[in-house]
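**Q** Give me coordinates for this.
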Amino acid sequence: QAQLVESGGGLAQAGGSLRLSCVASGITFSTYGVGWFRQAPGKEREFVAGISYMGTSKHYADFAVGRFTISRDDPNHTLALQMNSLQPEDTAVYYCAASDTLDLQTANEVLYWGQGTQVTVSS
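**A** Model prediction:
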């Protein structure tokens, strides 16, 4: 049974940093495109960043470019998101996601979701 478990969320001040991690089990992690999405209160879930099978390509939402970095560690079945220069508008629940499309970029491609981790940025 596939399972994605996020960690690393919490409270940060504006301008600060957080690092999110996601550990996958029950899937052959290295063969999946994986990524991060987020959902703020009253808003739709949105794409944050994705990394392809074998890590050959990365994609970022415009708001993430230059501030967030996605990475994967296939031997340890782990996905990470380093978030720097955080702003209050980054406050949301962040979800790890996996897809059998090799390069995940949209929510409708997602096969498996994590339970989410809360990120709160204070001004």
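**Q** what does stretch 18-29 rub up against?
**A** Stretch 18-29 is contacted by residues 1-10, 12, 32, 34, 36, 74, 76-83, 86, 94, 96, 98, 112, 114, 117, 119 when judged by CB atoms under 8 Å, 6 or more residues apart in numbering. The C-beta positions use only the backbone N, C-alpha and C, and glycine is treated the same way.
**Q** Nearest residue to Ala2 in space, please, no chain neighbours.
**A** Gly26 (4.2 Å; CB to CB, 6 or more residues apart in numbering).
**Q** how close does the one you found get to Leu81?
**A** Going from Gly26 to Leu81 by CB to CB, to the nearest Å gives 21 Å.
**Q** How about Thr69?
**A** In terms of CB to CB, Thr69 sits 7 Å off from Leu81.
**Q** Touching both of the two, which residues are there?
**A** With CB under 8 Å, 6+ apart as the test, Thr69 and Leu81 both reach Ala49.
**Q** you'd agree Leu79 is in a strand?
**A** Yes - the assignment for Leu79 is a strand, going by DSSP: H, G, I helix; E, B strand; the rest coil.
**Q** what are the ranges of the helices in the chain?
**A** Ranges of helices within the chain: none, based on DSSP state H.
**Q** now the strands for it?
**A** 3-7, 10-13, 18-25, 33-39, 46-51, 58-60, 68-73, 78-83, 92-99, 112-113, 117-122 (DSSP state E).
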